[in-house]
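> okay, predicted coordinates and the sequence, questions at the end:
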Amino acid sequence: MSVCHHYDAPIMMKVIWFRNAILDLKSANKYIAQENPQAAQKIVHRIKKKVSLLSEQPGIGRLGRVPNTKELVVDKTSFILPYRVRGNKIEILRVLHTTRRWPKKI
């Protein structure tokens, strides 16, 4: 007697980077690269790798300080990415350094 198990494949959500998030990432990369280009590359890689996890695990971020958002803390960096889930999309709103004052609007 064989038993057949049916497992639903995880639903992949689409990750969308908002313009400000892209600009933040480019700015951080440029700033860090002035002193240490390799460190800048590593940090950008870590950020992108962590974001890639969101498509399968959109709930991994902590509750955001801005209503209806979550915050993705990027390990081994000083960056936090506020994001929100809308339908089957994950919207990366910003890439913020922990030592900087958060903008009034995200």
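Sure thing, it's come through.
> going forward, measure contacts and count neighbours with C-alpha atoms only.
OK.
> residue contacts, the most centrally placed residue in the chain?
Nearest to the mean C-alpha position of the chain, by Cα atoms, centre = their mean, lies residue 51 at 3.9 Å. Applying Cα atoms under 8 Å, 6 or more residues apart in numbering, we find residue 51 in contact with residue 72.
> which strand or helix spans it?
helix 37-54 (DSSP states H and E).
> could I get the buried residue list for that helix?
40, 43-44, 46-47, 50-51, 54 (16 or more other Cα atoms under 10 Å).
> do stretch 87-104 as well
Applying 16+ other Cα under 10 Å to stretch 87-104 flags 89-97 as buried.
> C-alpha coordinates for the helix holding residue 51, CSV please?
C-alpha atoms of helix 37-54 as CSV (Å, rounded to 0.1, in the frame of the first residue of the first chain):
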residue,chain,number,x,y,z
PRO,A,37,35.3,48.9,-2.2
GLN,A,38,35.4,45.3,-1.1
ALA,A,39,33.3,46.1,2.0
ALA,A,40,30.8,48.0,-0.1
GLN,A,41,30.4,45.0,-2.4
LYS,A,42,29.9,42.6,0.6
ILE,A,43,27.3,44.8,2.1
VAL,A,44,25.3,45.2,-1.1
HIS,A,45,25.5,41.4,-1.6
ARG,A,46,24.3,40.8,2.0
ILE,A,47,21.4,43.2,1.5
LYS,A,48,20.3,41.6,-1.8
LYS,A,49,20.7,38.1,-0.4
LYS,A,50,18.5,38.9,2.6
VAL,A,51,15.9,40.5,0.3
SER,A,52,15.8,37.4,-1.9
LEU,A,53,14.5,35.5,1.2
LEU,A,54,11.4,37.6,1.3
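> for the chain, which spans come out with low pLDDT?
Along the chain, segments meeting pLDDT under 70 span 1-10.
> can you redo the buried residues of helix 37-54 as CSV with distance to residue 81?
Listed next are those as CSV, based on distance: Cα to Cα, whole Å:
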residue, distance to residue 81
40, 17
43, 13
44, 12
46, 12
47, 9
50, 10
51, 9
54, 11
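> and which of the residues you listed is nearest residue 78?
Residue 78 has its nearest neighbour among the buried residues of helix 37-54 in residue 43, at 9.2 Å by Cα to Cα.
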